[in-house]
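Trainee: model the structure of this input:
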Amino acid sequence: QVLEETLAGGDSDSLEGVMQTVKDVEMLARVYKESDDTGAAIDTLQRARTLQSQVISRVTVEQPESLKQQQQIAADLSFQIAKYYEGDEQNYSKAASAYKEALSFDSGNSKAMLALAKLQLDRGDLEAAQFQLSPLLQQGALLSLPEQGRAAMMMADIMFRKHEYDSATFHLQQLLDKQPEHYEALSRLIDLNRRAGKLSACDKYVNQAEAACARADTEPGLNFCRGVLRRYQRRPNEAIRALNKARKDGEYGVPALYHMVEICLNPDDTTLGTSETATASESSEEALEMGAKTAEKLLSELESLGQGRTLRFQLLQNYALSAGKAKSAMEKALSNFTALASEYATEVGPILGMARTYMKLKNTPKARHQLKRVTKFDWRSESAEEFEGAWLLLSYIYINSGKYDLAQDLLKKILQHNKVWLHSVGEGEGG
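Mentor: Numbers count the residues shown, from 1 in each chain. The predicted structure is shown next:
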């Protein structure tokens, strides 16, 4: 009320008076925000932005030396409006327009450029996002370290989605050479190099991070990356030890626990579904059952952290259930996978779970039927593991039924996305 009274009696004629009004209106918008009145906050900010446009028109003539500063104020107002549209209103079109408006006032506004690029990336407009990020990466020295990191991570994500893996790796390596303790980038680099079949190249960057870190033995982010690398290098015991050191961390604890569960269920990182449990030795069967019990304990920990309703949790929960030799448990897991496939109709994970369980139940025709559904889906980067697992299992089925042409087509598809399968194919896993 005090602010509204001040605005009603403000000086609307002098340039200084209008500038002060802009500040007061912006403050009023903050009051509306704190009272959760989003609509009033947006309207008030738009009012401030309109007034600021008047300020810019006048300073061009009256105070040209302050033009740049006033343009930056206008850009910040547009940026705030965009954030409201993006977050509270979820109106991505209006958010994008507001970010672009911010850049029309201040073309070098890195906050707006990064936010617009992120919005475009989230909406799948890779070319537009790349267009925003390219000049930012070229002027990297003008960005703060966190901004450099965000720009490089987004560009790497764009290149990954465009299947330009060498370019994605290049951006991550450049970032890690400058910021060796950027563990999000290091984790992403490990995943990309795994896909390129170049895991050995990651040791250099893990070593750089260890040298830069004051507490390398206990740092959760570093231990998470170390654990993931050891997992993919098929050194499960070392992986578990490292991941265990990240297990209680607020940022890395949940992903570390998920990796630990997956290691316990598949310590050799083989292709699930292609090996029949009947052919396993008694000692390896006991090890798998112990692994499943450990996985169940870790899953309980994940559930206590609020993960119980996530798809990834439910898939792993049912993999743990079907890990033993009990037919009733497998059938229960199959029923659960089927329900998940109905609930998540566009996701590959539940279908793959069904197929793998059918294989354990020695019902290959039904497994094949489910996997053929996946071949009609469009590949998505966030489901890469599931797609590749489904394609590989179906190719295994085709090979065993003498349909080599169909298997070859699927294997080519896999290798387009992930060179690590060259190793699996070369070994002839499961057969």
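Trainee: in the helix or strand encompassing A239, which residues are buried?
Mentor: Secondary structure from DSSP states H and E places A239 in helix 236-244. Buried positions in helix 236-244, judged by neighbour count with 16 or more other CB atoms under 10 Å: P236, A239, I240, A242, L243. For the C-beta atoms, the positions are set from N, CA and C on the backbone; glycine is no exception.
Trainee: ok, now stretch 391-404?
Mentor: Applying a neighbour-count criterion of 16+ other CB under 10 Å, the buried positions in stretch 391-404 are W391, L392, L393, L394, S395, Y396, I397, Y398, I399.
Trainee: please apply the same query to stretch 191-200.
Mentor: By neighbour count, with 16+ other CB under 10 Å as the criterion, the buried positions of stretch 191-200 are D191, L192, N193, R194, R195, A196, L199.
Trainee: now stretch 172-186
Mentor: In terms of neighbour count (16+ other CB under 10 Å), stretch 172-186 has its buried residues at 172-176, 179-186.
Trainee: max pairwise distance over those residues: which two?
Mentor: Within the buried residues of stretch 172-186, two members stand farthest from each other by CB to CB: Q174 and Y183, at 16.1 Å.
Trainee: Serialize the buried residues of helix 236-244 to a markdown table and add fields for distance to L133 and pLDDT.
Mentor: Written out in a markdown table, the entries for the buried residues of helix 236-244 read as follows (distance: CB to CB, whole Å; pLDDT from 0 to 100):
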| residue | distance to L133 | pLDDT |
| --- | --- | --- |
| P236 | 37 | 94 |
| A239 | 33 | 97 |
| I240 | 37 | 97 |
| A242 | 32 | 98 |
| L243 | 32 | 98 |
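Trainee: pick the one among these closest to R49.
Mentor: Distances from R49 to those, taken by CB to CB, are shortest for L243, at 48.5 Å.
Trainee: for that closest one, give me its contacts.
Mentor: The contact partners of L243, by CB atoms under 8 Å, 6 or more residues apart in numbering, come to N223, F224, G227, V228, R231, A256, L257, H259, M260, I263.
Trainee: of the residues you listed, which is the nearest to L288?
Mentor: Proximity of the contacts of L243 to L288, judged by CB to CB, is greatest for I263, which lies at 12.1 Å.
Trainee: which SSE is the closest one in?
Mentor: Under the criterion of DSSP H and E, I263 resides in helix 253-265.
Trainee: measure how that helix sits relative to helix 236-244, angle-wise.
Mentor: For the pair helix 253-265 and helix 236-244, the angle between their directions (axes from the mean of the first three to the mean of the last three CA atoms, to 10 degrees) equals 160 degrees.
Trainee: which of the residues in the helix or strand following helix 253-265 are buried?
Mentor: Secondary structure here is assigned by DSSP H and E; on that basis, the next helix or strand after helix 253-265 toward the C-terminus is helix 282-304. Neighbour counts using 16+ other CB under 10 Å place L288, G291, A292, T294, A295, E296, L298, L299, E301, L302 of helix 282-304 among the buried residues.
Trainee: next, the buried residues of whichever helix or strand comes after helix 282-304.
Mentor: Next along the chain after helix 282-304, taking DSSP H and E as the criterion, comes helix 311-321. Across helix 311-321, burial judged by 16+ other CB under 10 Å covers F313, Q314, L315, L316, Q317, N318, Y319, A320, L321.
Trainee: once you drop chain neighbours, what's closest to the fourth one?
Mentor: This points to L316. In this structure, L316 finds its nearest non-sequential neighbour in V261, 5.2 Å apart by CB to CB, 6 or more residues apart in numbering.
Trainee: surely K162 meets G124?
Mentor: No - taking contacts as CB atoms under 8 Å, K162 lies outside contact range of G124: 11.5 Å.
Trainee: comparing those two, which shows the higher neighbour count?
Mentor: Taking K162 and G124 together and counting by other CB atoms under 10 Å, K162 has the greater number of neighbours (14 against 10).
Trainee: give me the pLDDT value at the more buried one.
Mentor: The model reports K162 with a pLDDT of 89.
Trainee: cool, and the one 3 residues further on?
Mentor: At Y165, the pLDDT value in this model is 87.
Trainee: can you tell me how far the residue nearest to it when sequence neighbours are not counted sits from L415?
Mentor: What sits nearest to Y165 in space, not counting adjacent residues and going by CB to CB, 6+ apart, is A196, at 5.4 Å. Distance from A196 to L415, counting by CB to CB, to the nearest Å: 11 Å.
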